[in-house]
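*Asks:* this one's sequence-less:
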């Protein structure tokens with residue numbers, strides 16, 4: 001699940017950096033983002049490079065938020081999202097969220113509490 005989120009977040013980060021409309025985010029997979037960048041700049045970039053650039057932007061945002069006092073306990077879902085869904089009975093428990101956050105932090109290269117590894 002964390003891998004999917006990182007991929008989604010990276011694409012949205014590029015959407016913001018390129019000033020693209022987020023309403024169309026699902027219509028532009030990585031291949032199309034590469035084409036957009038090539039059309040505008042003439043640069044041929046691969047998906048890995050784009051993901052690295054998006055990750056670097058996420059790191060800058062993270063450093064800012066940590067500097068301003070953000071803590072791991074601030075990264076919580078509203079209580080209402082921890083209730084069972086009526087149709088499916090699915091639920092995201094606090095333990096599942098903690099596990100997903102640790103996976104997310106690891107994929108970003110941060111420690112288990114979301115801090116940068118020196």
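*Replies:* Received the coordinates, thanks. Since the model is a prediction, treat every value here as computed from it, not as a measurement. Numbering: from 1, shown residues only.

*Asks:* Please enumerate residues in contact with the helix or strand hosting residue 12?
*Replies:* Counting by DSSP states H and E, the element that carries residue 12 is helix 2-17. For helix 2-17, contacts defined as CB atoms under 8 Å, 6 or more residues apart in numbering pick out 20-22, 25, 28-30, 33, 50-51, 53-55, 57-58, 100, 103-104, 106-108. (Glycine included, C-beta is placed from N, CA and C.)

*Asks:* Just the buried ones from these, in PyMOL syntax?
*Replies:* Here is the PyMOL command that selects the buried residues among these (16 or more other CB atoms under 10 Å):
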select buried, resi 20+28+30+33+50+51+53+54+55+57+58+104+108
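
*Asks:* Out of the contacts of helix 2-17, which sit inside helices?
*Replies:* With helices defined by DSSP state H, the entries of the contacts of helix 2-17 inside them are 30, 33, 50-51, 53-55, 57-58, 100, 103-104, 106-108.

*Asks:* For residue 91, give me its contacts.
*Replies:* Residue 91 touches 82, 83, 84, 85, counting by CB under 8 Å, 6+ apart.

*Asks:* What's the separation between the last one and residue 30?
*Replies:* Summarising the geometry, the distance separating residue 85 from residue 30, computed by CB to CB, to the nearest Å, is 30 Å.

*Asks:* what's the answer for the third one, then?
*Replies:* Here the criterion is CB to CB. By it, residue 84 lies 35 Å from residue 30.

*Asks:* ditto for the second one
*Replies:* Noted for residue 83: a distance of 35 Å to residue 30, by CB to CB.

*Asks:* do the first one as well
*Replies:* Taking CB to CB as the criterion, residue 82 is separated from residue 30 by 32 Å.

*Asks:* Residue 110 - how many residues pack around it?
*Replies:* 18 (other CB atoms under 10 Å).

*Asks:* Now the spatially closest residue to it that is not a sequence neighbour. Its backbone dihedrals?
*Replies:* Leaving aside its chain neighbours, residue 110 sits nearest to residue 116 (5.9 Å; criterion: CB to CB, 6 or more residues apart in numbering). Dihedral pair for residue 116: phi -70, psi 140, per degrees, to the nearest 10.
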